[in-house]
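# following is a predicted model, sequence given first.
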Amino acid sequence: MLRSITIGLCMAIVLGAVALGQRKADAPKVEPGAKELASGPKFWKGNLHTHTLWSDGDDYPEMVADWYKAHGYDFLSLTDHNVLSDAERWVDVNPRIEKGLKKYVDRFGSEWVEFREEKEKKQVRLKPLREFRSFLEEPGKFLMIPGEELSSSYANLPVHMNGINLRDVIPAAKGNNVAETIDVNVRGISAQRKKSGWKMLAILNHPNFGWGVRAEDMLMSEELKFFEIFNGHPGVRNYGDPTHASCERIWDIVLTLRLAKHKLPIIYGVATDDAHGYHEFGVGKVNPGRGWVMVRTQHLSAESIVRGLEAGDFYSSSGVKLDDFGRKDNELSLTIRSKAGITYKTQFVATMRDVSLESKPHLDKDGKELEVTRLYSDEVGKVVAEVDGVNPKYKFSGKELYVRAKVTSSKAHPNPYQKGDVECAWTQPVSP
């Protein structure tokens, strides 16, 4: 009996060893590129706002995605107005549709591009994201993230919100004022996130488009965590005017009041394209390649990108690249990737805790109050330090509500939002 048990045990050990060896032999070999998954976080370049023929863009979604991939982007969200590109859609071949048709056929082939005759009109089929993404996506190299621009308004004031990584289309909602319109659309995205379990986020778009959103309208939405501080569309008025605050000035006012008065979280600033035109390039055209985000995360997946954005572990850029940034000990420090012959200046912008929160209205020439962002102290969003070079640092005093950095280079933007623009980068605000 003992001998039989011993023999059985030995055979089991041998068979187990053989099976283990077979499993090792059958296991897929790890390619060199797979090490990227375990190599630690890196920066991924992406655009979170652009348009196609699914709404008011002038090119096919595959062509738009192909442009971004070819120009070094790692991820892209197509955010057409009030639609997810997830349905069956045929459109008449009109001048806007025909503009890029030959390039579309040349790029993807006549077997891919579908035509039909409907009521004696020639139509072309717009492909949904689910159908074409596999032609362009590559693991660890390029990712498509579903998106929608919820385009709403209050009275004649536009209020637009991007929903990123949505599962289903969300109807744009209206409130009883601009602030409530912002809030109901943010909550609509949050509700789908909660119901689906997907990581999603909401971005308030171009506050100065149509002068639609004031700083005061952005104060009370606790769930609003992102808005556009730079948008490449030439009609969105990023820089304000003598009556209207710039988007960066709005950012500093909102940060100050949310942190000091309302005890609400920091709001992050993103840069985007809002591109609509892909055939004619130049100042005044609504082109891609003007603003993007660089998100630091280990994996190129929709969930990882959303997590990185929510953690504030990203910077926005119109051309300047950072190799590193963040709080180290008692300092906010940046490492700028230098280019030969280019100089860099970093402004550290902050509001101190003892700042006055008093404000006064803008008045017109007749003394009538204007419905625009109010006037606040110059100590709100003040430049507290300015540093030349590629390794700027700011030491916290402990008196700051927040500190953020803006890097301005001497390099002219190759296709600027506005004539004379240079390449910049913006880090996210941090509290000491």
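Thanks, I have it. Numbers count the residues shown, from 1 in each chain.

# so what's residue 97 up against?
Residues near residue 97 by CB atoms under 8 Å, 6 or more residues apart in numbering: 53, 91, 124. C-beta here means a position set from N, CA and C on the backbone, and glycine is covered the same way.

# try residue 113
101, 104, 105, 124, 125.

# JSON lines for those residues, including neighbour count, pLDDT and secondary structure?
Shown next, in JSON lines, are the contacts of residue 113 (neighbours: other CB atoms under 10 Å; pLDDT from 0 to 100; DSSP: H, G, I helix; E, B strand; the rest coil):
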{"residue": "101", "neighbour count": "15", "pLDDT": "97", "secondary structure": "helix"}
{"residue": "104", "neighbour count": "21", "pLDDT": "98", "secondary structure": "helix"}
{"residue": "105", "neighbour count": "15", "pLDDT": "97", "secondary structure": "helix"}
{"residue": "124", "neighbour count": "21", "pLDDT": "97", "secondary structure": "strand"}
{"residue": "125", "neighbour count": "15", "pLDDT": "98", "secondary structure": "strand"}
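
# nearest to residue 347 among these?
Closest approach to residue 347 among those (CB to CB): residue 104, at 43.6 Å.

# wait, that closest one sits on residue 62?
Yes: counting by CB atoms under 8 Å, residue 104 touches residue 62, with 7.5 Å between them.

# sorry, back to before: closest to residue 46 among the contacts of residue 113?
Looking across those and measuring by CB to CB, the closest to residue 46 is residue 104, at 23.5 Å.

# distance of the closest one relative to residue 192?
32 Å (CB to CB, to the nearest Å).

# now do residue 77
Distance of residue 77 to residue 192, given as CB to CB: 15 Å.

# now do residue 349
For residue 349, the distance to residue 192 - CB to CB - is 34 Å.

# and for residue 103?
For residue 103, the distance to residue 192 - CB to CB - is 35 Å.

# these two - which one has more neighbours?
residue 192 (18 against 14; other CB atoms under 10 Å).

# A helix includes that one, no?
Yes: per DSSP: H, G, I helix; E, B strand; the rest coil, residue 192 lies within a helix segment.

# hang on, it packs against residue 167?
Yes: taking CB under 8 Å as the definition, residue 192 is a contact partner of residue 167 at 6.5 Å.

# now do the shared contacts for the two.
By CB under 8 Å, 6+ apart, the residues touching both residue 192 and residue 167 are residue 198.

# any weak-confidence spans in the stretch 1-150 of the chain?
The model of the stretch 1-150 of the chain has pLDDT under 70 over residues 1-38.

# how does it look with 80?
Residues of the stretch 1-150 of the chain that meet the criterion pLDDT under 80 lie in 1-39.

# again, but for the stretch 151-300 of the chain
Ranges of the stretch 151-300 of the chain meeting pLDDT under 80: none found.

# just the helices from it, written as ranges.
178-196, 247-260 (DSSP state H, counting those that start in this stretch).

# kindly reformat those helices as CSV containing distance to residue 328.
Converted to CSV, the helices of the stretch 151-300 of the chain look like this (distance: least, CB to CB, whole Å):
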stretch, distance to residue 328
helix 178-196, 33
helix 247-260, 22
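
# deepest-packed of those helices, please.
helix 247-260 (a mean of 23; mean count of other CB atoms under 10 Å).

# which elements pack onto it?
With contacts taken as 3 or more CB pairs under 8 Å, 6 or more residues apart in numbering; DSSP states H and E, helix 247-260 sits against strand 226-231, strand 268-272, strand 344-352, strand 400-412.

# next, format the ones you listed as CSV and append distance to residue 328 and mean neighbour count.
CSV is the format used below for the helices and strands packed on helix 247-260 (distance: least, CB to CB, whole Å; neighbours: other CB atoms under 10 Å):
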stretch, distance to residue 328, mean neighbour count
strand 226-231, 24, 26
strand 268-272, 20, 26
strand 344-352, 14, 22
strand 400-412, 13, 20
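
# and those as TSV, adding distance to residue 174?
Listed next are the helices and strands packed on helix 247-260 as TSV, based on distance: least, CB to CB, whole Å:
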stretch	distance to residue 174
strand 226-231	19
strand 268-272	24
strand 344-352	33
strand 400-412	32
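
# out of those, nearest to residue 130?
Using CB to CB, the nearest of the helices and strands packed on helix 247-260 to residue 130 is strand 268-272, at 23.6 Å.

# can you give the strand pairings for that closest one, parallel or anti for each?
strand 226-231 (parallel) (DSSP bridges).

# pull the contacting residues for residue 283.
234, 415, 416, 418, 419.

# let me fix that: residue 68
Counting by CB under 8 Å, 6+ apart, residue 68 has contacts 47, 50, 76, 288.

# and for residue 317?
Residue 317 touches 271, 291, 292, 293, 294, 423, 424, 425, 426, counting by CB under 8 Å, 6+ apart.

# try it again with 6 Å
The contact partners of residue 317, taken as CB atoms under 6 Å, 6 or more residues apart in numbering, are 292, 294, 425.

# what's across from it in the sheet?
residue 292, residue 425.

# still on that earlier bit, the contacts of residue 68 in strands, which ones?
47, 76 (DSSP state E).

# relative to residue 188, which of the contacts of residue 68 is nearest.
residue 50 (21.4 Å).

# what residue is smack in the middle of the chain?
When CA atoms, centre = their mean is applied to the chain, the residue found nearest the centroid is residue 48 (3.7 Å).

# wait, it touches residue 77, no?
Yes: Residue 48 is within contact range of residue 77, at 5.0 Å (criterion: CB atoms under 6 Å).

# common neighbours of these two, please.
residue 164.

# which residues touch residue 78?
Contact partners of residue 78, counting by CB under 6 Å, 6+ apart, are 52, 61.

# how close does it get to residue 119?
Distance from residue 78 to residue 119, by CB to CB: 29 Å.

# for residue 424, same thing?
For residue 424 relative to residue 119 (CB to CB), the value is 50 Å.

# for stretch 212-229, list the C-alpha coordinates in PDB.
C-alpha atoms of stretch 212-229 as PDB (Å, rounded to 0.1, in the frame of the first residue of the first chain):
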ATOM      1  CA  GLY A 212     -22.400  83.200 -22.400                       C
ATOM      2  CA  VAL A 213     -20.900  82.400 -19.000                       C
ATOM      3  CA  ARG A 214     -19.700  84.700 -16.200                       C
ATOM      4  CA  ALA A 215     -17.300  83.800 -13.400                       C
ATOM      5  CA  GLU A 216     -20.200  84.100 -11.000                       C
ATOM      6  CA  ASP A 217     -22.200  81.500 -13.000                       C
ATOM      7  CA  MET A 218     -19.500  78.900 -12.300                       C
ATOM      8  CA  LEU A 219     -19.300  79.200  -8.500                       C
ATOM      9  CA  MET A 220     -22.000  77.000  -7.000                       C
ATOM     10  CA  SER A 221     -21.900  73.800  -9.100                       C
ATOM     11  CA  GLU A 222     -20.100  71.500  -6.700                       C
ATOM     12  CA  GLU A 223     -19.900  68.800  -9.400                       C
ATOM     13  CA  LEU A 224     -18.300  71.100 -12.000                       C
ATOM     14  CA  LYS A 225     -14.500  70.300 -12.000                       C
ATOM     15  CA  PHE A 226     -13.300  71.400 -15.500                       C
ATOM     16  CA  PHE A 227     -13.700  74.200 -17.900                       C
ATOM     17  CA  GLU A 228     -11.800  75.500 -21.000                       C
ATOM     18  CA  ILE A 229      -9.200  78.100 -20.200                       C
END
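
# nothing else from me, thank you.
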